[in-house]
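A.B. asks: would you be able to build a 3D model of this:
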Amino acid sequence: MNQSALTKASMKALADDELVSLYHTGSESALEILLTRYISLAEYKASHAKIAGYDYDDVVQDGLMALLSAVKTYRPGQGCSFFTYANVCVQNAVNKAYAKSQTKKYKILSDSMPIDEMKEPSALQCVSPEEILIDREEMLKVKTYIATLLSSTERETLFLHLKGYSYAQIAQVLKTSPKSVDNALQRVRRKLKIEMSRDQSCS
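C.D. replies: The predicted structure is shown next:
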């Protein structure tokens, strides 16, 4: 298949196996199309999950990361469809999230009270309502950046921060220092800013 001759619009008509093969040859558009096609699977699983310390978006995010892993590790012709493989990966992610929620660290998280007033400087400065109201495709891009660019520690720090936890609370949950929390959020901001700027320059 000649990747250079394919447009993003024409790629949307390809079968899952073909898109996976294109991704393995370096097509980020193929990855985006697969995630768009299957994010409803993660949303469905999330809507049925009841996990202490996790809300709907948390489970969707875990499901999205499982989808990314499925795309990276799936090999056509191994006896099952990509749908079946992705479904198993997403369900395993939900099961893992449930098991994780039973650990002491996440019991602390689910029992903690969010802080309404945060005096610490936010690593992600306030955004306007217009910026929040981005379409589904743009939201998927942001979630993809979070899943692919950030380390597990950076993701956990970001999610706790967005839930409204103070630096001190995040440090307690992650067993680190407030300074390390601040450093992690600064890295998150820098990575996302660079990637979003690169995406805009290519559009």
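A.B. asks: domain assignment for this structure?
C.D. replies: Using automatic domain parsing, the domain ranges for the chain come out as 8-103, 112-203.
A.B. asks: tell me the mean pLDDT for the last one?
C.D. replies: Mean per-residue pLDDT for domain 112-203: 68.
A.B. asks: same thing with the longest one?
C.D. replies: Taken as a whole, domain 8-103 carries a mean pLDDT of 84.
A.B. asks: so how far is it off the chain centroid?
C.D. replies: Centre-to-centre, domain 8-103 and its host chain are 10 Å apart (CA atoms, centre = their mean, to the nearest Å).
A.B. asks: again, but for stretch 154-174
C.D. replies: Centre-to-centre, stretch 154-174 and its host chain are 16 Å apart (CA atoms, centre = their mean).
A.B. asks: secondary structure element holding residue 180?
C.D. replies: Per DSSP states H and E: residue 180 is located in helix 178-202.
A.B. asks: to clarify, my last question referred to residue 68.
C.D. replies: Residue 68 belongs to helix 56-73 when assigned by DSSP H and E.
A.B. asks: same check, this time on residue 35
C.D. replies: Residue 35 belongs to helix 28-47 when elements are defined using DSSP H and E.
A.B. asks: who's in contact with that helix?
C.D. replies: By CB atoms under 8 Å, 6 or more residues apart in numbering, the list of residues contacting helix 28-47 from outside reads 8, 11-12, 14, 16, 19-20, 22-23, 56-57, 59-60, 62-64, 66-68, 71, 83, 86-87, 90-91, 94, 136-137, 140-141, 144. Where you see a C-beta, it was placed from the backbone N, CA and C, and this is true even at glycine.
A.B. asks: check stretch 75-92 too.
C.D. replies: In contact with stretch 75-92 (CB under 8 Å, 6+ apart) are residues 16-17, 20-21, 38, 41-42, 45, 63, 66-67, 69-71, 74.
A.B. asks: buried subset of those?
C.D. replies: Among the contacts of stretch 75-92, those scoring as buried are 16, 20-21, 38, 41-42, 45, 63, 66-67, 69-71, 74 (criterion: 16 or more other CB atoms under 10 Å).
A.B. asks: related to what we said a few turns ago, now the helix holding residue 35: buried residues?
C.D. replies: Within helix 28-47, the residues scored as buried using 16+ other CB under 10 Å are 29-35, 37-39, 41-42, 45-46.
A.B. asks: stretch 75-94 now?
C.D. replies: For stretch 75-94, a neighbour-count test (16+ other CB under 10 Å) marks 82, 85-87, 89-90, 93-94 as buried.
A.B. asks: CA atoms only for it, dumped as CSV, please.
C.D. replies: Coordinates of each C-alpha in stretch 75-94 appear next as CSV, following Å, rounded to 0.1, in the frame of the first residue of the first chain:
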residue,chain,number,x,y,z
ARG,A,75,-0.4,-8.2,14.5
PRO,A,76,-2.9,-9.0,11.7
GLY,A,77,-3.3,-12.7,10.8
GLN,A,78,-2.9,-13.9,14.4
GLY,A,79,-6.3,-15.5,14.7
CYS,A,80,-8.5,-12.7,16.0
SER,A,81,-9.8,-9.4,14.7
PHE,A,82,-8.5,-6.0,15.9
PHE,A,83,-11.9,-5.4,17.5
THR,A,84,-11.7,-8.5,19.6
TYR,A,85,-8.1,-7.7,20.5
ALA,A,86,-8.9,-4.1,21.4
ASN,A,87,-11.9,-5.1,23.4
VAL,A,88,-9.8,-7.4,25.5
CYS,A,89,-7.1,-4.8,26.0
VAL,A,90,-9.6,-2.1,27.1
GLN,A,91,-11.4,-4.5,29.5
ASN,A,92,-8.1,-5.5,31.0
ALA,A,93,-7.3,-1.8,31.6
VAL,A,94,-10.7,-1.4,33.4
